[in-house]
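# What follows is a predicted structure for the sequence shown.
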Amino acid sequence: MNIKKTVKKTINFVLTPRGNVKVSIASISNARRLENKRIVITGGGSGFGLEMAKKFIEEGAVVLICGRNESKLKMVSEQLGKKCLYLKHDVSKVEDSESFLANATKLLGSIDCLVCNAGISLHECVIENVTIEGYDAQMNILMRANFFLAQAFIKICNDNHSNRDLLFISSMTGNAPSEIPYGIAKAGISSMVAKLNREHYAKGIRVNAIAPGMSPTELTKSYIDADNGNMYCNAPCGRYFYPSEIAEVATWLLCDASRIIGGEVITCDGGCTTKNIWH
Ligand SMILES: NC(=O)c1ccc[n+]([C@@H]2O[C@H](COP(=O)([O-])OP(=O)(O)OC[C@H]3O[C@@H](n4cnc5c(N)ncnc54)[C@H](OP(=O)(O)O)[C@@H]3O)[C@@H](O)[C@H]2O)c1
């Protein structure tokens with residue numbers, strides 16, 4: 001970032017009226033809520049995926065992360081220790097979904113939970129900025145890839161093993177006039193969650209999604225930068241959210257204590273996208 005931009009950002013930040021946001025974030029530690037669960041996380045090399053991998057291991061799980069960048073995965077796996085395995089896999093290559101899960105099963109022994117987290121966003125903001133290539137790239141990863149990976153997971157879950165989980169990382173934009181086509185793909189996830197859970201809960205596969213609010217990760221870096229860091233000043237929650245907060249909710253959603261929750265999209269945005277009818 002050049003000096004002019006930094007100065008402009010700082011001035012903007014200082015001059016923007018805001019109240020102090022006071023929040024204390026707690027986490028439940030070492031409750032062994034995911035003891036012996038074998039969990040596959042797509043896009044586990046950074047952001048939410050990385051935080052989930054860390055947290056799930058802390059709670060007793062063995063995880064397998066995937067992504068396109070092998071050196072990133074290797075580094076994370078070395079950092080997290082022998083309970084973090086990895087496989088290089090591009091989720092947009094949907095024809096490889098079944099072989100990916102077969103390879104993951106070989107490494108883990110079995111798969112209890114699949115977290116469909118991998119994603120990209122091009123942050124076009126308005127429809128006029130959307131290109132055909134950009135539309136296809138986002139739909140491919142956020143919708144098509146998740147659809148066929150979910151299908152492959154359901155196909156391998158035919159062994160009467162109960163308490164399996166399919167968890168999607170959606171977005172608050174799936175339920176708000178915010179980003180397209182990114183938000184359209186995320187809205188599609190809600191439909192998939194409802195249908196798949198209705199069909200498969202009784203067969204032992206619970207399906208849910210988490211719809212996070214804005215969190216500072218690689219995916220949002222350019223967005224947050226362009227907004228001078230002030231994006232959330234006027235939002236009811238007044239802040240960004242940490243990937244570790246999403247990992248906390250994901251842990252609860254994958255543990256058997258929350259088995260009553262199925263077919264839900266849990267919005268995790270401090271209430272930012274709730275509708276305001278009266279002031
Ligand atoms: N950050 C937010 O504010 C926010 C808010 C709501 C929802 N989300 C959702 O949260 C999920 C995770 O995003 P993040 O914020 O944690 O961003 P991130 O740090 O950029 O992580 C995205 C991960 O997805 C992987 N990925 C991307 N394309 C892939 C592909 N074709 N095949 C396999 N892996 C792929 C990337 O790894 P490689 O580059 O190695 O492939 C990366 O590790 C996404 O679904 C995103 O839409 C994010």
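That came through, no problem.
# Quick check, Phe100 in contact with Lys88.
No: with contact defined as C-beta atoms under 8 Å, Phe100 does not count as touching Lys88 (9.6 Å). Every C-beta, even on glycine, is put in place using the N, C-alpha and C of the backbone.
# Ile210: what's it in contact with?
By C-beta atoms under 8 Å, 6 or more residues apart in numbering, the residues touching Ile210 are 167-170, 246, 249-250, 253, 265-266, 268.
# ok so, going back, which residues are in contact with each of Phe100 and Lys88?
Here Phe100 and Lys88 share the contacting residues Cys66, scored by C-beta under 8 Å, 6+ apart.
# Which one of those two is surrounded by more residues?
Neighbour comparison, Phe100 and Lys88: the larger count goes to Phe100, with 22 against 14 (by other C-beta atoms under 10 Å).
# who's in contact with that one?
By C-beta under 8 Å, 6+ apart, Phe100 lies in contact with 66, 87, 89, 149, 152.
# and the first one, which of the three is it?
Assigned by DSSP: H, G, I helix; E, B strand; the rest coil, the conformation of Cys66 is strand.
# Just the pLDDT at the nearest residue to it once chain neighbours are set aside, thanks.
Of all residues not flanking Cys66 in the chain, His89 sits nearest, at 4.1 Å (C-beta to C-beta, 6 or more residues apart in numbering). His89 carries a pLDDT value of 98.
# same question, Val23
At Val23, the pLDDT value in this model is 84.
# That one touches Tyr240, doesn't it?
No: the pair Val23 / Tyr240 is not scored as a contact, 10.7 Å apart, by C-beta under 8 Å.
# between these two, which one's more packed in?
Neighbours per residue, other C-beta under 10 Å: of Val23 and Tyr240, the larger number sits with Tyr240, 19 against 11.
# what sits against the most centrally placed residue in the chain?
Nearest residue to the geometric centre of the chain (C-alpha atoms, centre = their mean): Ile169, 3.2 Å. By C-beta under 8 Å, 6+ apart, Ile169 lies in contact with 48, 115-117, 119, 209-210, 212, 246.
# Not counting sequence-adjacent ones, nearest residue to whichever residue of the stretch 101-250 of the chain sits closest to the ligand?
Proximity to the ligand, evaluated over the stretch 101-250 of the chain using C-beta to the nearest ligand atom, is greatest for Gly119 at 2.4 Å. Closest residue to Gly119 apart from its sequence neighbours, by C-beta to C-beta, 6+ apart: Leu142 at 5.5 Å.
# Neighbours of that neighbour, how many?
That count, for Leu142 with other C-beta under 10 Å as the rule, works out to 30.
# hang on, it packs against Leu122?
No: Leu142 lies out of contact with Leu122 (C-beta under 8 Å); the separation is 10.8 Å.
# Mutual contacts of those two, please.
Taking C-beta under 8 Å, 6+ apart as the criterion, Leu142 and Leu122 both touch Tyr182.
# As a check, name the ranges of all strands in this protein.
Applying DSSP state E to the chain gives strands spanning 38-42, 62-67, 84-88, 113-116, 164-169, 205-212, 265-268.
# That concludes my questions; thank you for your assistance.
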